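**Q** kindly return the folded structure for what I paste below:
(3 chains)
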Amino acid sequence: MNTTTRRELGRLAIAAAIGGAGASGAAFPSFAQGSNPIRIGYSMSLSGGLAGNGRATQLAHQIWAAEVNARGGILGRPVQIVFYDDQTNGGQVPGIYTKLLDVDKVDIVTSPYATAMIAPAMPVVMQRNMCFLTIFGAGVNTAFKYDRHFNMNVVGDNMKETYARGFLDIAAKLPSPPRSIAILAVDNDFAQRAAESARFLAKERGIRVVYDRSYPPSTVDFTPTIRSIAATRPDVVFIASYPPDSNAILRATSELRFQPPMFGGGMVGPQLAAFQQQLGPILNNLVNWDVYSPEPTMQFPGVVAFLEKYRELAPREQADLLGNYIPPYAYAQMQVLEQSLTRVGKIDQAALAADMHASTFETIVGSVKFGASGEWAEERNLYVQFQNIRDGDLEKYKRAGTKVILAPSRLATGQLQHPYGPPA
Amino acid sequence: MDPDLVLLLNGITSGLLLGGLYAAAACGLAVSFGMLDIVNIAHPALMVAGGFLVVVIGTALGLDPLLVAVLLALPFYLLGTGIYTVYHHFFERRGDEALQGLAFFFGVMFIIEVGLVMAFGPEQRFLDPPYAYVTWRLGEIDVPLRMLVPGLLAMAAIGALWLFLQRSFTGLAIAAVAQDAEALRLMAIDPVRIKRFAFGISIALAAVAGGALVVVQPVEPSSGQVFIGRVFAVCIMGGMGSLPGCILAAFVFGVVENVTATFYGPSWSPAVAFGWLLLVLAFRPQGLFGKAA
Amino acid sequence: MSTTALARPATAPAKLQRGLAFWLGALAIGIGLFLGLRGLGNDYAYFAGYFILQYVVLATAWNILGGYAGYVNFGAAGFMAAGAYTAIALRKATGLDLLPGIVAAGLVGGLLGLGTGYLTLRLKGVYFSIATLCLSVVLQTLVVNWDYVGGSRGAYVIRPQTIDPFTSYGEYLFIVMLVLAIGAVGIARAVENSRLGRGLQAIRDNERAAEAVGVPTLRLKLVATALCGALMAIAGAPLPYYSGYLNPEAAFSLAYAVNAIAMPLIGGAGTWAGPVIGAVLLGAMQQAATVTISSALNLFIVGWMLVVFVALAPRGILGWFRTRR
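**A** Residues are numbered from 1 along each chain as shown, chains lettered A, B, ... in the order given. All right, here's what the predicted structure looks like:
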């Protein structure tokens, strides 16, 4: 990529960002009507606990908007993203969505990041019969049963029976098949669902659960918890945690030299650049849930180009430096919207929903097809293993062979190494 | 050794180490809140701000985080005197300051937290000294230096402060200002000057605590919220202005939390720690280590 | 203390007259608000209105204990969440809807407040504050581990889209909150003008002296903690209906605890009007900042406004007017 396009892209992204900020108003309706853009509205956590992923999502959306506008928009109209900061406070979300829909009169709504912020938007969106394409929710629609809800996440609609399957499949390949498992999960929706799946599937396979506890997100020191887990001598350890706890858990595990045959699970954190930079070799042989890895089996058309752009803009936008976690999915979310809008040919919520139910979408995260509940029809929970890691340098995470995919088998690119623990 | 005994001993050890971090976070508050009656709820946020600066400066200059934290103590002292000057001008001077001051510091807390998000982004930051990856093994007991070294620095800082308060004239004046500002005035000492100095020290301690925090864990702008309840709890349990009480209370709090986590799982440890504090308050309102009023 | 001026003993007919004026005024404002918003025909106005009114209730509740008696409750979020979870549990157990939920929340909050009062009777000043903070942490841990109401996974409350005779559920929630807010302010005003209020003010000014002259401080404080707890829980009861989903993190959000204290202080603690002014001002500002500024800057501005307000109006907006007069 030469410097001119680089600068251009930067300008486009900034323009998109300013467009977002300036779009705050019904105060300037003439501007909005003049250029007649398609307005896409959402709330996003730009401050507070979920801000890290919120910003990365936001940046991916800006890149998409800049690209779409550069090639003439959708249906001949430019797109404009209208967003507000929900401060990672679910109580702000209903207000923001009514503002978006009733005052800003946006044409399309998409979601904030993750279940706790998506769910409070649902009643508002449902009342106005809007098509709602969300990102990284989990099981939101189990309660609402809204047929215009679609979710961009690999977990599918039966987390309990599928989420931990890959993990246990890998464990079954250990030289001596596991007979005991320890489960630790943070007190939040996603982690509890993950732990439920591990519990359920372990039982199904006759693996004894020797430790099964939750911890509150305010926990500072995990040394005693990891030590109690170690004392039960489990063959495999399944942990469902969130940042920054994931960091503290891995540090404590390495300090206690706890090296079970297999360690990992549904930890959120090791997917992010800041973790990989800091923890370096501590991540070695960790088997963890993931959504994307730059392995040959996941070289979907467009993803490399997107990540290049993303990584160029990320430092200045203070977003995750690598973008291997949520950004490709956030971009793909907007691709789905774009393809659906183009096919339907007008902004018609019912038609959009019908199209999303019926079509298969080609995106930078592969072919996406939604099932009846709006989740992915077929789940794609990846389990990757960090292999041969000696330092915190990030370059290797841009290449294949670092986060090796072990499950599902159709995407697998390597073999399990064991036990867990940094190389001696 | 009996495995349960090993667990217990390690639970206590890790609790003491965790207590070291709590002591670092709480000792500044023991000065501002305990001695000066300033309910500085922004103290943990200032600690996190210190942590961010430690990471930025330490990374740029390639220095040890704790060394940077000690160097940062002086600018933070000045910042503290600045905050106190504002606080005194708008609140203390007018009397009835405790409540209004609380709202003021709430505002300061928001400003710091969001200011950090805007300046450094929401991603977590870290700066690991090499010793943070070393663990001493004393028989069956593990002592990670990641927890021990910041704890020791905190103890050293608190010890120095304690000596200063006990031995120097200004130190005695600080202790006196907590008791009776008028008497100081009669001795021709300006209580405002003394308080400004003391508040500066409390914020300097927040910088040191920030360095300690960076060694223990990566920091993000909202890291401070976890500590708000705990540092105030430690301060109160320690009998407000008492530094030895503060250290003891921090240790007790850490040990209760970690022993609970060891045997009953981590989900109940905050409830046990805070519930226990609630009972302490109900039956011994002056704190566990405070003298009866 | 200037704030006690309002509580001057008045002759009975004059008192009655002022009471009537208050209720007529409140009714007029309520109807005016309702008609005005309905005229706008915009659901957002209801949501923003709800957001502000919940803080009117919360701030008024805090003021009964904090403003009149000088006991600073750090645990507003705990009481509020207790109300919200009471509504959720009641709905799950019996299928009863919002209004019975509010009543139940009031009862639970009142009992909780009474319990807190008993447990913390001997505590003064910051000790009491920290005790309420502890209570909030303990409550949160209980809720997180209470699977019946969703535990840490949160609870979904699927509200109906419309409810007769209102144009939308948003309008219904707004009106419920409006009635609650008027009721809460009315109660606070009644307390302020009663023997209870004067007793509480005596406690704030000098508890020992009050006790010495025969004020039943213990009983008054218990009544105040119970009332404060009940009103805070009532403020929280509609929350799960408002957001459709509630998890412990959202219910025990620091924002509630902070606002419950900051709003009365900014408006003018110790008078019934102070929390109303503070809540309307600060709540409207927060809402406006959230939906106009598309970045973290919105909270930054709220922080600065808090600092500036409290610095410029140390006795609250009301106190500011009083000194200017």
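
**Q** please make it C-alpha for all contacts and neighbour counts, starting now.
**A** Fine.

**Q** how many residues are close by A:Y113?
**A** 26 (other C-alpha atoms under 10 Å in any protein chain shown).

**Q** with B:H89 instead?
**A** Neighbours around B:H89, by other C-alpha under 10 Å: 12.

**Q** quick check: mean pLDDT of the helix or strand containing it?
**A** When elements are assigned from DSSP states H and E, B:H89 belongs to helix B:65-90. Mean pLDDT, helix B:65-90: 93.

**Q** host element of residue 305?
**A** In the absence of a named chain, this looks at chain A. helix A:303-317.

**Q** actually, chain C is the one I wanted.
**A** Going by DSSP H and E, C:M305 is part of helix C:297-312.

**Q** which bits of the stretch 51-200 of chain B sit near chain A?
**A** Contact residues, the stretch 51-200 of chain B versus chain A (C-alpha under 8 Å from any C-alpha of the partner chain): B:114, B:117, B:120-128, B:133-135, B:142, B:144.

**Q** not counting sequence-adjacent ones, nearest residue to the residue of the stretch 251-400 of chain A found nearest chain B?
**A** Residue of the stretch 251-400 of chain A nearest chain B, by C-alpha to the nearest C-alpha: A:Q318 (5.0 Å). Using C-alpha to C-alpha, 6 or more residues apart in numbering or on different chains and skipping the chain neighbours, the partner closest in space to A:Q318 is B:G121 (5.0 Å).

**Q** one more: C:R91?
**A** C:D97 (6.0 Å).

**Q** ok, now A:F132?
**A** A:H149 (4.8 Å).

**Q** relative to A:I118, how far out is the one you found?
**A** A:H149 sits 11 Å away from A:I118 when distances are taken as C-alpha to C-alpha, to the nearest Å.

**Q** kindly report the same for B:Q124.
**A** For B:Q124 relative to A:I118 (C-alpha to C-alpha), the value is 24 Å.

**Q** which one of these two is surrounded by more residues?
**A** Higher neighbour count among B:Q124 and A:I118: A:I118, with 25 against 21, using other C-alpha under 10 Å.

**Q** returning to what we had before: got any residues that touch both of A:H149 and A:I118?
**A** Shared contacts of A:H149 and A:I118 (C-alpha atoms under 8 Å, 6 or more residues apart in numbering or on different chains): A:T134.

**Q** burial count for whatever residue of the stretch 251-400 of chain A ends up closest to chain C?
**A** For the stretch 251-400 of chain A and chain C, the shortest gap (C-alpha to the nearest C-alpha) falls at A:E317, measuring 12.2 Å. When neighbours are counted by other C-alpha under 10 Å, A:E317 registers 18.

**Q** who's in contact with whichever residue of chain A sits closest to chain C?
**A** The nearest approach of chain A to chain C comes at A:D189, 3.9 Å away (C-alpha to the nearest C-alpha). Counting by C-alpha under 8 Å, 6+ apart, A:D189 touches A:T115, A:A116, C:S152, C:R153, C:G154.

**Q** any idea which element A:V220 lies in?
**A** Using DSSP H and E, A:V220 falls outside every helix and strand.

**Q** wait, what's in contact with it?
**A** Residues near A:V220 by C-alpha under 8 Å, 6+ apart: A:D245, A:A248.

**Q** and A:T110, helix, strand or coil?
**A** Assigned by DSSP: H, G, I helix; E, B strand; the rest coil, the conformation of A:T110 is strand.

**Q** what parts of chain C come near chain A?
**A** Chain C comes close to chain A at residues C:42-44, C:47-48, C:51, C:141, C:144, C:152-154, C:156, C:158-159, C:161, C:242-247, C:250, C:253, C:290-296, C:298-299, as judged by C-alpha under 8 Å from any C-alpha.

**Q** quick one: the most centrally placed residue in chain C from B:F104, how far?
**A** Taking C-alpha atoms, centre = their mean as the criterion, C:L58 is the residue nearest the geometric centre of chain C, at 1.1 Å. Distance of C:L58 to B:F104, given as C-alpha to C-alpha: 20 Å.

**Q** again, but for B:M35
**A** Taking C-alpha to C-alpha, one finds B:M35 at 19 Å from B:F104.

**Q** ditto for C:I187
**A** From C:I187 to B:F104 the distance is 29 Å (C-alpha to C-alpha).

**Q** neighbour count winner among those two?
**A** B:F104 (30 against 18).

**Q** tell me the contacts of the more buried one?
**A** Shown in contact with B:F104 (C-alpha under 8 Å, 6+ apart): C:L306, C:V307, C:V310, C:A311.

**Q** closest to C:G236 among these?
**A** C:L306 (23.4 Å; C-alpha to C-alpha).

**Q** which among the contacts of A:D189 gets closest to chain B?
**A** For the contacts of A:D189, the nearest to chain B is C:S152 (10.7 Å; C-alpha to the nearest C-alpha).

**Q** report pLDDT for the closest one.
**A** 84.

**Q** same thing with the one 3 residues further on?
**A** Listed pLDDT for C:A155 reads 90.

**Q** wait, it touches C:L246, no?
**A** Yes: between C:A155 and C:L246 a contact is recorded at 5.3 Å, counting by C-alpha atoms under 8 Å.

**Q** quick one: which of the two has more around it?
**A** C:L246 (30 against 23).

**Q** so what's that one up against?
**A** A:P120, C:G154, C:A155, C:Y156, C:L239, C:P240.

**Q** please repeat the previous calculation with a cut-off of 7 Å.
**A** The contact partners of C:L246, taken as C-alpha atoms under 7 Å, 6 or more residues apart in numbering or on different chains, are C:G154, C:A155, C:Y156, C:P240.

**Q** the last one: which element?
**A** Here C:P240 sits within helix C:239-243, counting by DSSP H and E.

**Q** helices or strands up against that helix?
**A** Helices and strands touching helix C:239-243, as assessed by 3 or more C-alpha pairs under 7 Å, 6 or more residues apart in numbering or on different chains; DSSP states H and E, are absent.

**Q** can you list the low-confidence ranges for the chain?
**A** Defaulting to chain A. Counting by pLDDT under 70, chain A shows low-confidence ranges at A:1-34, A:422-424.

**Q** my question was about chain B
**A** Residue ranges of chain B with pLDDT under 70: B:1, B:95-98, B:181, B:286-293.

**Q** which positions in it make contact with chain C?
**A** Residues of chain B lying close to chain C (C-alpha under 7 Å from any C-alpha of the partner chain) are B:90-91, B:100, B:103-104, B:107-108, B:110-111, B:114-115, B:118, B:233, B:268, B:271, B:274-275, B:278, B:282, B:285.
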